[in-house]
Each structure stands twice: as structure tokens, then as C-alpha cells.
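Peer 1: after the sequence you'll find the predicted model.
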Amino acid sequence: MTEPSGATPDETEPVVLTENVDGVQVVTINRPEARNAINTATATAIAAAMDELDSRDDLVAGVITGAGRSFCAGMDLKAFLAGERPSLPGRGFAGIVQQPPAKPLVAAVEGHAIAGGFEIVLACDLIVASEEAKFGLPEVKRGLVAAGGGLLRLPERVPYHVAVEWALTGELVSARAAHEVSLVNRLTPPGQARSEALELARTIAGNGPLAVRATKEIINAARDWPSDEAFERQQAISEPVRSSEDAREGALAFKEKRAPAWKGR
């Protein structure tokens, strides 16, 4: 079922759509006439969708994509000139770049993901892109700084000198080039990014939900852990999962050669 979210008086369609499929929440930025640019209503709706993803036990992973021919063109400049700031306290731009969900999120990219749109992609854990997709941080071309997480995350996702070139030139990057440096996980023919991303997210959602969430937490947090404390800190996160009902169910299902029936506890 598709649920509208964040509709505004001047827009006849909801700015964000959500659909739950096989343990996966699919979030669609629904402003194709504006290339899915982010205004305040859209940021608020995305944040609400991320909160729902994290709070619902029946949802294990998410997909975020854009309606029409573009993923997201970044900030809505018309809304900006009208005085809007499409950032939320503690959540950042688009309600997601500063505080992504605790559960895994897959970006499904068709068309352009530029400026803030690219920063939304970089806030995701996995990226599936159409062969025709384009990425970029063109802020320097406009005398601005990509302060929505792009400059913080990009050097962690691609080789340093590649990140510096992309950020300082502001040029667009093809999906194939992004795939060659392992930024993009999977390339698809045009029009198939969403279906491939959903399939990837479904694979994740088929695993133990406690284990999935803890695995993401460890991968993200471990970058800041002192090496002599890493295993101790990892154990604090992993041990409750090892002691869970789901861990016993996983072992029992393997022994009985059947699919596990996860309970999330």
C-alpha cells in the first residue's frame, strides 16, 4: 500500500510516497516536476519515513528513490529564495544527511543525483544506479560548499584523490565511473534501478533483523573506535544478538533445513 506524506497546500500530489514490500520500506521523493528538489515539506516527510523505518519491527531495510526521470536535484532554489531552509534540527538537509536511519538504506538512482541529491545518496549504505545516472557536487561552481555531508562522506567512499577531484571541479560523474571506484554497488539498464534496489533490500530483509541492525551499527561506528578497544566495543553490540531468540532460531532453522521465522527478539 502506498501512503502519502508531507503534502502541502500548493502541491496537488504528496511530496513523498512510502510503500512497504516484504520487510522493505520504499520511499519515493515525489516532485518530478521539480526534479525531486527538496523543500521543507519534503525534508519533513523524508524524516518521518526514516523514523517509521526504524520504529517498525516488520521493516528491516529501506530503499529511497525519486519519481520520474531524476533522483534528486538537491535543494529547491525557489523555496530557498522564498525563505525556506530544507534542513531539520539534528537531521540535517532533507531530514536524512546528518542522521540516516539505523537500519540499512539503499539508494535507487535514475537520472541526476546532484548537490544535496548526491548527499542523500551518500547517506545511504548501498547504491544501485542506472547506467544513465549522473552524480555530482557542483556547489563550487555556484560559490557554495557541499556542507550536507558530501565533503565528509565522499572521501570515505572513494579514493581520496578521486573525491578531491570530484569535489573541487564540481563536474558530473557518470554511474559507470562511480561503479569503477566502487561507489555504486550495482549498475542496471535504464529504468531498472528501483527494482534492482528492492531486490537487494529484500535479500537484506530476509536476514535476522537484530543481526542486520547490529551489523550496520558496528560497521559505521568502528571507524571511530581505538584499535585496542574495537573488539570490546563490538562485543557490547553483538552479544545481545548472540543471546537472542533469533540467534537460536537461525541455528535451529539451519539444522532443520527450513527458512527462519524471525521474531526480532
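Peer 2: Cool, got the structure.
Peer 1: low-confidence regions, the stretch 1-150 of the chain specifically.
Peer 2: Residue ranges of the stretch 1-150 of the chain with pLDDT under 70: 1-11.
Peer 1: quick one, helices of it?
Peer 2: For the stretch 1-150 of the chain, the helices defined by DSSP state H, counting those that start in this stretch cover 40-55, 77-81, 116-122, 150-157.
Peer 1: wasn't residue 183 part of a strand?
Peer 2: No. Read with DSSP: H, G, I helix; E, B strand; the rest coil, residue 183 is coil and lies in no strand.
Peer 1: that one touches residue 159, doesn't it?
Peer 2: No. In this structure, residue 183 is not within contact of residue 159 by CB atoms under 8 Å, at 10.1 Å. Backbone N, C-alpha and C define where each C-beta goes, glycine included.
Peer 1: more neighbours: which of those two?
Peer 2: Neighbour comparison, residue 183 and residue 159: the larger count goes to residue 183, with 21 against 11 (by other CB atoms under 10 Å).
Peer 1: can you list the helices of the stretch 1-150 of the chain in TSV and add mean neighbour count and distance to residue 170?
Peer 2: Output for the helices of the stretch 1-150 of the chain, formatted as TSV (neighbours: other CB atoms under 10 Å; distance: least, CB to CB, whole Å):
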stretch	mean neighbour count	distance to residue 170
helix 40-55	22	23
helix 77-81	13	16
helix 116-122	29	11
helix 150-157	18	11
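Peer 1: of all those helices, which one is nearest residue 138?
Peer 2: Nearest to residue 138, of all those, is helix 116-122, at 9.1 Å by CB to CB.
Peer 1: what's the offset of that closest one from the middle of its chain?
Peer 2: Mean-position distance between helix 116-122 and its chain equals 8 Å (CA atoms, centre = their mean, to the nearest Å).
Peer 1: distance of residue 222 from residue 38?
Peer 2: Distance, residue 222 to residue 38, by CB to CB, to the nearest Å: 30 Å.
Peer 1: more crowded one of the two?
Peer 2: residue 38 (32 against 13).
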